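*Asks:* this one's structure only:
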């Protein structure tokens, strides 16, 4: 049976997904500004924190009763929050009468428990004291160097005074009588407007706004938007090459062959602005001199005919996707959603979901390229090889991303690497499946670099390496401080499989082609937890195995370089019931994995620093080593 049709049968898939959820909170939970003199302004700040384990999509932030009650928002940041990340919200209160005032701040997000977080705001308007009375202009109450006699229009907020720098915060900071008066080039466009202004120095340069239905006599402004992306592209100026898409579904097929183009969604959520190409066409094609940037929108539904890259194709150009959802795109060739032939791709906080490739790379296929990804989520993508992504002869950097429920009929249920260099850190692989090798990750050919601090849960394969398979001719690959739990292989290496094709290249284990150190491999299926070939170019050290079917550590004579151990890792919380929703895979202080990894100075050339972030000796598993912080 094809792996692509077997994903729901995985033992951990249905449960693991529940681990990742945002948890949006404010600190403090209630804001009390206390007594505020009538006519003056008090400013308070809240920290918006994502305490969860998945990216939090932040929507609108608003006051329940608007600014008419004397309350106003000074600054908000609706950037999506990575797990444990923080942003700032500033509020102000200017009482017009004496007495208590109570309102609330409403923060919308995709937190399943609190989609609308309500934060109580309190203050009390009081009469002026002896040193703050209006009419005593010689007193600089807010210590900003300006008194009312100098034209200080509030004398309660030190950031508000004549000559103050304006900001997009709804406050008349320079006492000009105009809120956010940043239109310095007089073209009627301000950086604070919905459409923005790219430079504010050239009156002919400003972003063009696109709506699903065009206004009468459209000119690209907020009040008179263009009705199609194609029409707007025909009116772009040479300086501000930016389109702002209003909520709705926009049909477009865009070619970027010369210079930059930015396409930005203007909805509260990325799913409110959708770009879908015409039947049989790609969404975006980027040529050698093209530079494409997509922000806060969704690209979906691409079905091009017999070409690589369903939604985005880059040929020696560059593409940057920030907070973009790329879903339900297909290609009969490589790269169901995105394909690169040379050039570069940078992803940040994106979601790549439900994309399909007839050949390699369900969501992404890259060759001879540079690819970076920070904090993205790859889920439910399928392909022949590299269910989520297939990377060949390229430089790949991934940090804090999640790969779940992806599938490949061949190798690399989530990710297949063939040649080039890799720096894959702090990522989670769960519930992925492959029909051949590498249920989560397959590393092949001349691939070098590091795989570290990975959490690999409940992946499977019909052959070898239920979690990770390293085969072929990797050169200088370090697999360090990873935790692999509950993975399954029909054959060898339920958690980890290493077998090289080349002959010995040296006699020193520290110069091995593949160095596997300080990992935890537990409760795997198959004939063994870890399997390595008897090859002097493989060095397996300080690896802990436990509870695996068959042999915990089946290491070839030439690849067992010492320090390996069979013992219970004693995770902080692990029920071994197939449902890791509430499990925590950090070793307990009494675990044999704690302070039991390599010492500084051990290891291959270029990777000899092992100490944990607190300076103690390396802990085995994904929570240890210098890369865990």
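*Replies:* Structure's in. What do you need? Source: prediction; values computed, not measured. Numbers count the residues shown, from 1 in each chain.
*Asks:* The residue lying closest to residue 301 once chain neighbours are set aside: neighbour count?
*Replies:* Distances taken as Cβ to Cβ, 6 or more residues apart in numbering place residue 276 nearest to residue 301, at 4.1 Å, with adjacent residues excluded. C-beta: built from backbone N, CA, C; applies to glycine. Residues near residue 276, counting by other Cβ atoms under 10 Å, number 21.
*Asks:* Kindly state the beta-bridge partners for residue 276.
*Replies:* Beta-bridge partners of residue 276, counted by DSSP bridges, are residue 251.
*Asks:* for the stretch 51-200 of the chain, what spans make up the strands?
*Replies:* Assigned by DSSP state E, counting those that start in this stretch, the strands in the stretch 51-200 of the chain fall at 58-63, 71-75, 86-93, 99-109, 116-126.
*Asks:* how about those, which one is nearest residue 154?
*Replies:* Among the strands of the stretch 51-200 of the chain, strand 86-93 comes nearest to residue 154, with 9.6 Å by Cβ to Cβ.
*Asks:* so what strands line up beside the closest one?
*Replies:* As defined by DSSP bridges, the strand partners of strand 86-93 come to strand 42-50 (antiparallel), strand 71-75 (antiparallel).
*Asks:* Take the ones you listed and lay them out in TSV including mean pLDDT, distance to residue 211 and mean neighbour count.
*Replies:* Output for the strands paired with strand 86-93, formatted as TSV (pLDDT from 0 to 100; distance: least, Cβ to Cβ, whole Å; neighbours: other Cβ atoms under 10 Å):
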stretch	mean pLDDT	distance to residue 211	mean neighbour count
strand 42-50	86	30	19
strand 71-75	83	26	20
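*Asks:* of all those strands, which lies closest to residue 379?
*Replies:* strand 42-50 (18.7 Å).
*Asks:* For the closest one, which outside residues touch it?
*Replies:* 22-28, 31, 33-34, 36, 56, 58, 74, 77, 81-94, 105, 107, 119, 121, 123, 156-157, 159 (Cβ atoms under 8 Å, 6 or more residues apart in numbering).
*Asks:* possible to save the strands of the stretch 51-200 of the chain as a markdown table with distance to residue 622?
*Replies:* A markdown table is the format used below for the strands of the stretch 51-200 of the chain (distance: least, Cβ to Cβ, whole Å):
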| stretch | distance to residue 622 |
| --- | --- |
| strand 58-63 | 27 |
| strand 71-75 | 36 |
| strand 86-93 | 23 |
| strand 99-109 | 27 |
| strand 116-126 | 31 |
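*Asks:* which one of those strands lies closest to residue 151?
*Replies:* Nearest of the strands of the stretch 51-200 of the chain (Cβ to Cβ): strand 86-93, 19.7 Å.
*Asks:* contacts for that closest one?
*Replies:* Residues from elsewhere that reach strand 86-93, judged by Cβ under 8 Å, 6+ apart: 26, 31, 33, 36, 41-50, 58, 61, 63, 70-77, 79, 81, 101, 105, 107, 121, 123, 157, 169, 171.
*Asks:* What pLDDT does the model give residue 343?
*Replies:* Looking at residue 343, its pLDDT reads 97.
*Asks:* List the backbone torsions phi and psi for it.
*Replies:* Dihedral pair for residue 343: phi 80, psi -160, per degrees, to the nearest 10.
*Asks:* what number of residues lie near it?
*Replies:* Neighbours of residue 343 (other Cβ under 10 Å): 21.
*Asks:* tell me the contacts of it?
*Replies:* Contact analysis of residue 343 by Cβ under 8 Å, 6+ apart lists 286, 288, 314, 315, 316, 317, 318, 319, 369, 370.
*Asks:* how about a cut-off of 6 Å?
*Replies:* By Cβ atoms under 6 Å, 6 or more residues apart in numbering, the contact set of residue 343 is 314, 316, 317, 318, 369.
*Asks:* try residue 385
*Replies:* 360, 408, 410, 411, 412, 416.
*Asks:* Just send the contacts of residue 343 back as CSV, with secondary structure and neighbour count too.
*Replies:* Formatted as CSV, the contacts of residue 343 follow (DSSP: H, G, I helix; E, B strand; the rest coil; neighbours: other Cβ atoms under 10 Å):
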residue, secondary structure, neighbour count
314, strand, 28
316, coil, 16
317, coil, 23
318, strand, 21
369, coil, 25
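*Asks:* Relative to residue 187, which of those is nearest.
*Replies:* Taking Cβ to Cβ as the measure, residue 187 sits nearest to residue 318 out of the contacts of residue 343, at 28.8 Å.
*Asks:* Return the set of residues that bridge with the closest one.
*Replies:* residue 291, residue 344.
*Asks:* Could you check how far it is from residue 244?
*Replies:* Going from residue 318 to residue 244 by Cβ to Cβ, to the nearest Å gives 21 Å.
*Asks:* ok, now residue 373?
*Replies:* 25 Å.
*Asks:* Please apply the same query to residue 71.
*Replies:* The spacing between residue 71 and residue 244, counted by Cβ to Cβ, is 29 Å.
*Asks:* Residue 27 now?
*Replies:* For residue 27 relative to residue 244 (Cβ to Cβ), the value is 33 Å.
*Asks:* And residue 300, by the same measure?
*Replies:* Distance from residue 300 to residue 244, by Cβ to Cβ: 19 Å.
*Asks:* same question, residue 493
*Replies:* 50 Å.
*Asks:* rewinding a little: quick one: closest of the strands of the stretch 51-200 of the chain to residue 330.
*Replies:* strand 58-63 (29.3 Å).
*Asks:* Give me the angle between that closest one and strand 71-75.
*Replies:* Going by axes from the mean of the first three to the mean of the last three Cα atoms, to 10 degrees, strand 58-63 is angled at 140 degrees with respect to strand 71-75.
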